[in-house]
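Visitor: From the sequence below, what's the structure:
(chains A and B)
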Amino acid sequence: MEQFETFIVESPDATGARTTRSLIQDTVSDLSLSRVIVRMKVFVDPVEPVFILAALLRLGSPSIKIKDFAKVDMGSLGKDEVKIELDKEMFAIKLLNKLWATYGKNNIEQPDRKIIIVKTDPIKDLDMLRELVIEEPQQEVLDRLIDAIALRIIPEGFRVRKHELSNTHVLFVASEDTLKPEWLAKGKEIMDSLRREENA
Amino acid sequence: MLEPMMYIGGAYKHSQLIELVEDLGGYILQKNIMQSEVVLLMLVPINDLAIVEIKSKELLGKLTRAPLTGSEIATVAPTLAYHHLPHLDCDVAEFLRKQGAKTNMVGLARGVGKRICQLTAFERDLINEHDVAVFILGNYEHCIIEKSKKLYEGIEIPIVVTGAPELRTEDVPNATAYVGSFGRILHHMRHAEELRTLDKLSAVIGKVLDDVRIEIAKDPPSVAPPRIKKEIEEQIPEIVDNLHPLPITLQMGGVRVKLPYEEYHEQIENIKFVEGVTMKEVARVLPSKMRNFILIKAIPKSETGFMI
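Guide: As a prediction, the model looks like this:
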C-alpha cells in the first residue's frame, strides 16, 4: 500500500493503537483510497471514550458534463430533436445509459458511432443536456471515504458522531456518550496541525 | 471413556480402519474424502487406542488427537456488520470447523459498545445450547474488560474471549479463558504468525473442552451422545434426506437434531435401544431455540441409576 505523508494513530493503549493502524491500512487498501488521503491523524482514548479521525484529502478530477466531451446542437430542421456529436467515445456508454433512463430507448437514436440523436424539444432541453453530469469521480470517492470511515473504521459502539466533510478535508469525532466540547476542540486542533504540516 | 481422534490418510483401505473402530465400540462422526485423501473424525475407546494406532500406521495414515471433535461451538460477534465480517469471525469459525468442531455464528442485536452492550434473553438461551461460546472482541484492553463485566450475564457454558491485547485470563471478568493477538482484523488471517494465533485459540478451546469432559466423566450420561446419534440415524429414515449441514450435530452432553420438533419429538422419544429402554428414559427431548429443531440432552447416571 502507498503510505500517506503523515499517518499517526495516537492512543494511551499501545496495542490498540497498533491494531487500529493496521485495520485502517486494510480498509484504505480495500477501498483503494490510498491516493485520496494525503495525511491522517487518529486519536483514540477508550477510557473517555472518544475516537477522533482527521485527514487531508486530494480528490481526483471534477465532475464531467456532456459539453466537456461532445458538441450539443439542434437536430435537422423542422424536427424535434437534439444532436449530440461525441469527441471522445470514452463516456459513450455512461451517456447512453443516462439518456435511456431519462428519455426511454425508443427516443434515442445512434445513426453513427459518434452521433446520438435525442428526440425531444430542443428549445426546452438543449441547455439542460449540455450541462448534464455524466460522471462524478469526486462524489464517488467521497462515498467510498465515508463508507470506510463511518462504517468500517470507527468502532461500532461509537454511535454519537460529529463530522465535517469538504473536498479538502474530513474530520470525525465519535463517542459512545454525548460529545464533550473539549473533544470537538481537540479534533479542530488535530485538523489545524495537519494543515500546518501541509503548508510547511 | 471415548477419545476424540482425527485420522488423515489415503482413501485406499480406509474402510478397514472404520470397521475396526466400529468393532471396538467407537463411533465414526464424520468422513470427508478429498480426492485420494480421507479425513475421519471419530471417537475411539481410550483403552483400545493402541490397536487403532497400529492399524493407522499399517495404512500409512496419521492419527492425532482432535479435542474439538464432537462439540458445538458458538462464535459470537457483537454484530454482523463489516466491523467483524467476513474476516476474523469467519476465519475463526472456519478454523475451528477444520479442527473437528461444529461452529455456529451468532451476531448479537445490541452487542456493541462497552457501556451500551446488551444480550437479549433469546440470544442468551441460544448461546447456552452450545458447548463453548467464543466471544470475538476488539482492540482495546479497557473496552474488553468493561464489556466482559456485563455482556456474558446468564451464560452458563464456558466463555472463551479473544482480543488484541495480551491479557491474563484473571483480568477478564467472567471469562473461562482469554486469547490475545486477535483484535479487529480486517484481512484474511493467513500469515504464519496469524495462523499460530489461531492454533493457540484451538488449543485453548481444546483444553476448555477437556475440562468439560472431565466434569462430565464424574457423573456420566446414561447414554453416550454418539449412541443417540447412531440410533436416530438407524430408526428415523427422514434424517437421511435432511439437507441441513450435519443433520445430527453432536454435543458434549447430547445432540441437536435438525428436524421439526412438533412432528418428530414423539417419534424420537419412543426410539428403542436394544438394552430395552426408550429414549425418553435416558434423555430429555426439548425444543431448540435454533429454528424449530430438536435438542436432546442425555440424563446423567445419578438420575436414572443405570448406563447403557
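Visitor: In the stretch 201-308 of chain B, what residue lies closest to chain A?
Guide: At 16.3 Å from chain A, residue B:201 is the closest residue in the stretch 201-308 of chain B, using Cβ to the nearest Cβ. Any C-beta I mention is one placed from the backbone N, CA and C, and that applies to glycine too.
Visitor: what bridges to the closest residue to that residue other than its chain neighbours?
Guide: Counting by Cβ to Cβ, 6 or more residues apart in numbering or on different chains, residue B:201 lies nearest to residue B:179, which is 4.8 Å off, once chain neighbours are set aside. Judged by DSSP bridges, the bridge partners of residue B:179 are residue B:162.
Visitor: so what's residue B:179 up against?
Guide: B:160-162, B:197, B:200-201, B:204 (Cβ atoms under 8 Å, 6 or more residues apart in numbering or on different chains).
Visitor: In ChimeraX, how would I select the buried members of those?
Guide: With 16 or more other Cβ atoms under 10 Å in any protein chain shown as the criterion, this ChimeraX line picks the buried residues out of these:
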select /B:160,161,162,197,201,204
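Visitor: can you give me phi and psi for residue 79?
Guide: Assuming you mean chain A. Backbone torsions of residue A:79, given as degrees, to the nearest 10, read phi -110, psi 150.
Visitor: Give me the distance between it and chain B.
Guide: Distance of residue A:79 to chain B, computed by Cβ to the nearest Cβ, to the nearest Å: 52 Å.
Visitor: which residues touch stretch B:204-224?
Guide: Under Cβ under 8 Å, 6+ apart, the answer for stretch B:204-224 is B:1-2, B:67-68, B:71, B:73, B:96, B:99, B:101, B:131-132, B:134, B:158, B:160, B:176-177, B:179, B:252-254, B:273, B:281-283, B:298-304, B:306-308.
Visitor: residue ranges for the strands of the chain, please.
Guide: Just going to use chain A. Remark: strands assigned in chain A by DSSP state E are A:6-10, A:37-45, A:50-57, A:64-65, A:70-74, A:82-86, A:108-112, A:115-118, A:133-135, A:160-165, A:169-175.
Visitor: could you do chain B instead?
Guide: With strands called from DSSP E, chain B shows them at B:2-10, B:27-34, B:37-45, B:62-65, B:72-77, B:102-107, B:132-136, B:159-162, B:177-179, B:248-250, B:254-257, B:283-287, B:294-298.
Visitor: okay, those strands in a markdown table with mean pLDDT next?
Guide: Output for the strands of chain B, formatted as a markdown table (pLDDT from 0 to 100):
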| stretch | mean pLDDT |
| --- | --- |
| strand B:2-10 | 92 |
| strand B:27-34 | 89 |
| strand B:37-45 | 93 |
| strand B:62-65 | 93 |
| strand B:72-77 | 95 |
| strand B:102-107 | 93 |
| strand B:132-136 | 95 |
| strand B:159-162 | 96 |
| strand B:177-179 | 96 |
| strand B:248-250 | 92 |
| strand B:254-257 | 94 |
| strand B:283-287 | 95 |
| strand B:294-298 | 95 |
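Visitor: possible to save those strands as TSV with distance to residue A:33?
Guide: Listed next are the strands of chain B as TSV, based on distance: least, Cβ to Cβ, whole Å:
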stretch	distance to residue A:33
strand B:2-10	43
strand B:27-34	40
strand B:37-45	42
strand B:62-65	44
strand B:72-77	25
strand B:102-107	27
strand B:132-136	26
strand B:159-162	28
strand B:177-179	32
strand B:248-250	42
strand B:254-257	44
strand B:283-287	49
strand B:294-298	47
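Visitor: domains of chain A?
Guide: Domain assignment for chain A by automatic domain parsing gives A:6-61+A:137-199, A:64-135.
Visitor: Compare those domains and say which comes out lowest on pLDDT.
Guide: Among those, domain A:64-135 carries the lowest mean pLDDT, at a mean of 87.
Visitor: Hmm, residue B:78 is touching residue B:116, no?
Guide: No - under the criterion of Cβ atoms under 8 Å, residue B:78 is not in contact with residue B:116, lying 10.7 Å apart.
Visitor: Next, show the common contact partners of those two.
Guide: Taking Cβ under 8 Å, 6+ apart as the contact rule, residue B:78 and residue B:116 both touch residue A:157.
Visitor: And stretch A:85-98, what's buried?
Guide: Using 16+ other Cβ under 10 Å as the test for burial, stretch A:85-98 gives A:86, A:91-92, A:95, A:98.
Visitor: gap between that stretch and the chain center?
Guide: The chain centroid and the centroid of stretch A:85-98 are separated by 22 Å, computed with Cα atoms, centre = their mean, to the nearest Å.
Visitor: Only alpha carbons, please: show that stretch as CSV.
Guide: Taking Å, rounded to 0.1, in the frame of the first residue of the first chain, the C-alpha atoms of stretch A:85-98 are listed here in CSV:
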residue,chain,number,x,y,z
GLU,A,85,-21.7,14.8,-31.5
LEU,A,86,-19.1,13.0,-29.4
ASP,A,87,-15.4,14.0,-29.5
LYS,A,88,-14.4,11.2,-27.2
GLU,A,89,-16.0,7.8,-27.1
MET,A,90,-14.8,7.1,-23.5
PHE,A,91,-18.1,8.2,-21.9
ALA,A,92,-20.4,7.0,-24.6
ILE,A,93,-21.7,4.0,-22.6
LYS,A,94,-22.4,6.0,-19.5
LEU,A,95,-24.1,8.8,-21.6
LEU,A,96,-26.3,6.3,-23.4
ASN,A,97,-27.4,4.7,-20.2
LYS,A,98,-28.3,8.1,-18.7
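Visitor: Show me the contact partners of it.
Guide: A:64, A:66, A:69-73, A:84, A:108, A:110, A:113-116, A:132, A:134-135.
Visitor: does any bit of stretch A:170-180 sit next to chain B?
Guide: Yes - counting by Cβ under 8 Å from any Cβ of the partner chain, chain B has neighbours in stretch A:170-180: A:176-177.
Visitor: how long is that stretch from one end to the other?
Guide: 19 Å (Cα to Cα, to the nearest Å).
Visitor: helices or strands up against the helix or strand of chain B with the lowest mean pLDDT?
Guide: In chain B, no helix or strand scores lower on mean pLDDT, DSSP states H and E than strand B:27-34, which sits at a mean of 89. Contacts defined by 3 or more Cβ pairs under 8 Å, 6 or more residues apart in numbering or on different chains; DSSP states H and E place strand B:27-34 against helix B:14-23, strand B:37-45, helix B:225-235.
Visitor: Using TSV, lay out the ones you listed together with mean neighbour count and distance to residue A:143.
Guide: TSV is the format used below for those (neighbours: other Cβ atoms under 10 Å in any protein chain shown; distance: least, Cβ to Cβ, whole Å):
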stretch	mean neighbour count	distance to residue A:143
helix B:14-23	16	54
strand B:37-45	21	45
helix B:225-235	19	51
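Visitor: So which of the ones you listed is nearest residue A:147?
Guide: strand B:37-45 (40.1 Å; Cβ to Cβ).
Visitor: Between helix B:225-235 and the closest one, find me the angle.
Guide: Calculated by axes from the mean of the first three to the mean of the last three Cα atoms, to 10 degrees, strand B:37-45 forms an angle of 110 degrees with helix B:225-235.
Visitor: Relative to chain A, which residue of chain B is the closest?
Guide: The minimum distance from chain B to chain A, using Cβ to the nearest Cβ, falls at residue B:113 (2.7 Å).
Visitor: where does that residue land on pLDDT?
Guide: Per-residue confidence at residue B:113 stands at 89 (pLDDT).
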